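>>> how does the following fold in three dimensions:
(4 chains)
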There are 2 protein chains.
Amino acid sequence: MFAEIDTAPRSSPTQFRDLPERAATWKPQTQVSCSDCRLRELCLPRGLSDGPLEAFSAAVFAHRRLRSGQALFRAGEAFDSVYLVRSGFVKTLVLLEDGREQVTGLQMRGDMLGMDGLASGRHVSDVIAVDNTEICVVPYERLETLSQQAREVQRHLHRMFAKEIVREQRMMLLLGSMNAEERVSAFLLNLSERLTARGYSPSHFVLRLTREDIGSLLGMKLETVSRIFSKFQKAGLIEVDGKQVRIVSINGLSGILNR
Amino acid sequence: MFAEIDTAPRSSPTQFRDLPERAATWKPQTQVSCSDCRLRELCLPRGLSDGPLEAFSAAVFAHRRLRSGQALFRAGEAFDSVYLVRSGFVKTLVLLEDGREQVTGLQMRGDMLGMDGLASGRHVSDVIAVDNTEICVVPYERLETLSQQAREVQRHLHRMFAKEIVREQRMMLLLGSMNAEERVSAFLLNLSERLTARGYSPSHFVLRLTREDIGSLLGMKLETVSRIFSKFQKAGLIEVDGKQVRIVSINGLSGILNR
DNA sequence: CGCGAGCTTGATGCCGATCAATGCATGTGG
DNA sequence: CCACATGCATTGATCGGCATCAAGCTCGCG
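This is a model prediction of the structure:
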């Protein structure tokens, strides 16, 4: 039904993600310099001068490759690094003592992870790859040092923190005051925006999450997610086929939000 | 029904909050040094050595006094400072384009505010006093400088950021996967904990928020909040009289959460 | 005194949860 | 290669928790 739009136009490792014979060759890789990383414009302060850039590059200690399903870290583990998604997709989960868990985010290229661990020295969330994923590891100590040497790095870091705070505030608003249709539509529009910013098609993409994970993220049951997808499809707003989604009417979707 | 437990044991400005004739004298105050601020152990890095301490003290540019109902800042205003609650209580609201708003937090002594503005240079939330409140104003530029000079200050700042991220994650979990009774009980227990940490009674306190604000914070309607308070009272878990609350059975309340 | 803001409580209705059946794709072991 | 299990998604039927609508109360205040 849908053409393959699953490939990352500017990020080579992901373009093989659906080919099992390539996935089988998925292995840790040697280190890469930040200077020629295509992620640079997302991950680094804009216009970072050469000195700080190289310093930042040195701060990226290592890269980790995760296969879909593998964990980057889990709640309870000691915090020592923050992470940047270089390619692929991960989900973040927070856990309640009684076993209940909730997806709190879907992160993609350029998104920062793991800052939660700074509060107590231990992570309070799980981060799980939902696609073959490449991660830049930035030891916190190095980031601290670098941040003290270069004010622009410090400011960039603060901005990353602040963005996460704002994102979570928006999620609280979604969870606290939107109905199910509004949540799903906000989710799809947000996904579209972020994928567009990363060079993907604005209208045609692959949900990395199952209906259950989407439901968890949006505070509803998987059946409800499924029903609303079907309803939107009948209304001519989207086309859905499993995880493949095409947004037919952005305006229609936005209309649901501002109603 | 309840004795007056409304006074702040270690924070002088608030102990007059319910006396209107004192409230009428509420006016901007001269500057105070951080070194003899009673908030010090909450707001400053523990064991901060003398040099950085004085630097930090100098970073607190001014103090602002707000009467109940006044705004510290509003969404859309330019960001230039972060704030610390020195005494009193404020609520934070985020707004949707269509006018919907949601309370996202209740902040009290030692809590930091305004970091959201760092993301875009403009605040995206309103902060409104829900009691006569005293605020320490810390210009961001100064904080940046100080943070570069003293690693312990930087680390403390990062930890404040991270705590806010973790707090918001917990709120997402509450909003996404708890029913109404669990939310109210989590709210009361959290309030009790935080007030205890500040030297108030763990069992006997004053809700600063209206039923409507509590409902907004917890993602439910004010009538539901009211009903659940009544239900908890009948069950012998709490005693409520307007904004006065006494927790009769902490275990009973916790039991609702882990059920 | 009357008025409005905030709170409580009841009656009713709806949205989304729950329970359940089915289909489909993938993987696995006989 | 088939039988079977497992994970994920869709759809229907029913139920219940919370929203909604409404009435009445208290309290502080102009």
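>>> show me the contacts for residue A:115.
A:82, A:160-161, A:164, B:161-162, B:165 (C-beta atoms under 8 Å, 6 or more residues apart in numbering or on different chains). The C-beta positions use only the backbone N, C-alpha and C, and glycine is treated the same way.
>>> now residue A:62. Nearest residue, chain neighbours left out?
By the measure of C-beta to C-beta, 6 or more residues apart in numbering or on different chains, the closest residue to residue A:62 outside its immediate chain neighbours is residue A:137, 4.7 Å from it.
>>> quick check: the one you found is in a strand.
Yes. The assignment for residue A:137 by DSSP: H, G, I helix; E, B strand; the rest coil puts it in a strand.
>>> what about it, distance to DNA strand C?
Summarising the geometry, the distance separating residue A:137 from DNA strand C, computed by C-beta to the nearest atom of the strand, to the nearest Å, is 29 Å.
>>> for residue A:103, same thing?
14 Å.
>>> wasn't that residue part of a strand?
Yes. Read with three-state DSSP, residue A:103 is one of the residues of a strand.
>>> neighbours of it, how many?
Number of residues near residue A:103 (other C-beta atoms under 10 Å in any protein chain shown) recorded here: 25.
>>> again with residue A:90
Burial of residue A:90 is recorded as 26 neighbouring residues (other C-beta under 10 Å).
>>> any idea what it is bridged to?
Here residue A:90 shows beta-bridge partners residue A:107, residue A:129, assigned using DSSP bridges.
>>> let me know the pLDDT of it.
Per-residue confidence (pLDDT) for residue A:90: 98.
>>> who's in contact with it?
If a contact means C-beta under 8 Å, 6+ apart, then residue A:90 has A:66, A:72, A:106-107, A:113, A:127-130, A:133, A:135 as its contacts.
>>> state the number of residues packed around residue A:75.
Each residue near residue A:75 was counted by other C-beta under 10 Å, and the total is 16.
>>> Three-state assignment for it, please.
Under three-state DSSP, the three-state class of residue A:75 is coil.
>>> between the contacts of residue A:90, which has the most around it?
Using other C-beta under 10 Å as the neighbour test, the contacts of residue A:90 are led by residue A:133, with 29 neighbours.
>>> show me the strands in chain A, by range?
Secondary structure of chain A (DSSP state E): strands located at A:62-66, A:71-73, A:81-87, A:90-95, A:101-107, A:112-113, A:125-129, A:133-139, A:204-206, A:238-241, A:244-247.
>>> residue A:197 is nearest to which of these?
Shortest distance between residue A:197 and the strands of chain A, using C-beta to C-beta, is found for strand A:204-206: 12.4 Å.
>>> the closest one and DNA strand C, any residue contact?
No. Using C-beta under 7 Å from any atom of the strand, strand A:204-206 stays clear of DNA strand C, coming no nearer than 13.8 Å.
>>> need the contacts of residue A:90 in JSON lines (columns: pLDDT and distance to residue A:171).
JSON lines is the format used below for these (pLDDT from 0 to 100; distance: C-beta to C-beta, whole Å):
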{"residue": "A:66", "pLDDT": "94", "distance to residue A:171": "24"}
{"residue": "A:72", "pLDDT": "97", "distance to residue A:171": "20"}
{"residue": "A:106", "pLDDT": "98", "distance to residue A:171": "11"}
{"residue": "A:107", "pLDDT": "97", "distance to residue A:171": "13"}
{"residue": "A:113", "pLDDT": "95", "distance to residue A:171": "16"}
{"residue": "A:127", "pLDDT": "97", "distance to residue A:171": "16"}
{"residue": "A:128", "pLDDT": "97", "distance to residue A:171": "18"}
{"residue": "A:129", "pLDDT": "97", "distance to residue A:171": "21"}
{"residue": "A:130", "pLDDT": "97", "distance to residue A:171": "18"}
{"residue": "A:133", "pLDDT": "95", "distance to residue A:171": "22"}
{"residue": "A:135", "pLDDT": "93", "distance to residue A:171": "22"}
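>>> just give me the neighbour total for residue A:259.
The burial metric for residue A:259, expressed as a neighbour count using other C-beta under 10 Å, is 10.
>>> try residue A:217
Neighbours of residue A:217 under the rule other C-beta under 10 Å: 25.
>>> same thing with residue A:206?
That count, for residue A:206 with other C-beta under 10 Å as the rule, works out to 20.
>>> was I right to think it contacts residue A:241?
No. Between residue A:206 and residue A:241 no contact is recorded; they are 10.3 Å apart, counting by C-beta atoms under 8 Å.
>>> go through the strands of chain A and name the closest to DNA strand D.
Between DNA strand D and the strands of chain A, the shortest separation by C-beta to the nearest atom of the strand is 5.1 Å, and it involves strand A:238-241.
>>> helices and strands around that closest one, which ones?
For strand A:238-241, the packing partners by 3 or more C-beta pairs under 8 Å, 6 or more residues apart in numbering or on different chains; DSSP states H and E come out as helix A:222-234, strand A:244-247.
>>> that strand and DNA strand C, any residue contact?
No. In terms of C-beta under 7 Å from any atom of the strand, no part of strand A:238-241 sits within range of DNA strand C; the closest distance is 10.2 Å.
>>> buried set for that strand?
By neighbour count with 16 or more other C-beta atoms under 10 Å in any protein chain shown, strand A:238-241 contains the buried residues A:238-240.
>>> between the strands of chain A, which gets nearest to residue B:180?
Ranking the strands of chain A by their distance to residue B:180 (criterion: C-beta to C-beta) puts strand A:101-107 first, at 17.0 Å.
>>> which other helices and strands contact the closest one?
With contacts defined as 3+ C-beta pairs under 8 Å, 6+ apart, the secondary structure elements packing on strand A:101-107 are strand A:90-95, strand A:125-129, helix A:151-177, helix A:211-218, helix B:151-177.
>>> still on that earlier bit, export the buried residues of strand A:238-241 to a markdown table and tack on pLDDT?
Below are those laid out as a markdown table (pLDDT from 0 to 100):
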| residue | pLDDT |
| --- | --- |
| A:238 | 98 |
| A:239 | 97 |
| A:240 | 97 |
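>>> Throw these into CSV and include distance to residue A:252, thanks.
Shown next, in CSV, are the buried residues of strand A:238-241 (distance: C-beta to C-beta, whole Å):
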residue, distance to residue A:252
A:238, 9
A:239, 12
A:240, 14
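>>> contacting DNA strand D as well, which ones from those?
Applying C-beta under 7 Å from any atom of the strand, the subset of those adjacent to DNA strand D comprises residue A:240.
>>> returning to that earlier point: quick one, what contacts the residue nearest to residue A:62?
For residue A:137, the set of contacting residues under the criterion of C-beta under 8 Å, 6+ apart consists of A:60-64, A:81, A:83.
>>> which ones are touching the one residue sitting closest to the centre of chain A?
When chain A is reduced to its mean C-alpha position, the nearest residue by C-alpha atoms, centre = their mean turns out to be residue A:107, at 0.9 Å. Under the criterion of C-beta under 8 Å, 6+ apart, the neighbours of residue A:107 are A:85, A:89-92, A:113, A:127.
>>> go again using 6 Å as the cut-off
With contacts defined as C-beta atoms under 6 Å, 6 or more residues apart in numbering or on different chains, residue A:107 is in contact with A:85, A:90, A:113.
>>> intersect the contacts of residue A:90 with the contacts of DNA strand D.
Of the entries in the contacts of residue A:90, not a single one is placed beside DNA strand D under the rule of C-beta under 7 Å from any atom of the strand.
>>> now, among these, which is nearest to chain B?
Nearest to chain B among those: residue A:113, at 11.1 Å, using C-beta to the nearest C-beta.
>>> kindly provide the distance from the residue lying closest to that closest one once chain neighbours are set aside to chain B.
Nearest non-adjacent residue to residue A:113, counting by C-beta to C-beta, 6+ apart: residue A:83, 4.3 Å away. In this view, residue A:83 and chain B are 14 Å apart by C-beta to the nearest C-beta, to the nearest Å.
>>> and if you look at residue A:173?
Shown here: residue A:173 relative to chain B, a distance of 5 Å by C-beta to the nearest C-beta.
>>> just checking, that residue touches residue B:102?
Yes. Using C-beta atoms under 6 Å as the test, residue A:173 is close enough to residue B:102 to be in contact (5.0 Å).
>>> need the residues touching each of those two.
Counting by C-beta under 6 Å, 6+ apart, the residues touching both residue A:173 and residue B:102 are residue B:94.
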